[in-house]
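K.L.:
give me the fold of what follows.
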Amino acid sequence: MGDYYELRHTVGFEETNLVGNVYYVNYLRWQGRCRELFLKEHAPEVLAELRDDLKLFTLRVDCEFFAEITAFDELAVRMRLVELAQTQLEFGFDYVRLDPGGGETLVARGSQRVACMRGPNTRTAPTRVPQSLTDALKPYQ
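P.N.:
Predicted coordinates for the structure are as follows:
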């Protein structure tokens, strides 16, 4: 296991534009999907809390591009913990094209800032990052 959580993905035609390049929004979707699957695999207790009153609000996302990717490229989205505060988390994402010969090319880098909140939708308040999530993220710092 490395210092990142990895999601593997094959780019599909529906994720590209007429020129054949991947739409920007898909990079952000892949960040969310990576985070969701991490929770499912490593912090299922947090999923139970999300069904109750925990909310994970995405405060900020960004993505910087270094190279184009197209349909049927094999991609690894690698998530790591950048910062852990009392009520917020920041994740970093590396988007790596996996070349057929075994090489790798960094094609983009992104980040995501998340706040933990609790309470009814009309009166949410900041809350500590759940301990189960903190524990699950330790190997990915």
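
K.L.:
CA atoms for contacts and neighbours, from now on please.
P.N.:
Fine.

K.L.:
the residue minimising distance to the centre of the chain sits in which helix or strand?
P.N.:
In the chain, the centroid-proximal residue (C-alpha atoms, centre = their mean) is residue 31; its distance is 3.2 Å. Using DSSP states H and E, residue 31 sits within helix 24-42.

K.L.:
any idea which element the nearest residue to the residue nearest to the centre of the chain once chain neighbours are set aside lies in?
P.N.:
Nearest residue to residue 31, sequence neighbours excluded (C-alpha to C-alpha, 6 or more residues apart in numbering): residue 93, at 7.1 Å. Following DSSP H and E, one finds residue 93 within strand 88-98.

K.L.:
and the residue nearest to the centre of the chain, how close does it get to residue 40?
P.N.:
14 Å (C-alpha to C-alpha, to the nearest Å).

K.L.:
the strand or helix carrying residue 115: what's the following helix or strand?
P.N.:
For residue 115, the host element (DSSP H and E) is strand 104-118. Downstream of strand 104-118, the first helix or strand assigned by DSSP H and E is strand 125-126.

K.L.:
what does whichever helix or strand comes after that following strand contact?
P.N.:
Counting by DSSP H and E, the next helix or strand C-terminal to strand 125-126 is helix 131-137. Residues outside helix 131-137 that contact it (C-alpha atoms under 8 Å, 6 or more residues apart in numbering): 39, 42, 43, 45, 46, 81.

K.L.:
one more time with 7 Å, if that's ok
P.N.:
Helix 131-137 is contacted by residues 42, 43, 45, 46, 81 when judged by C-alpha atoms under 7 Å, 6 or more residues apart in numbering.
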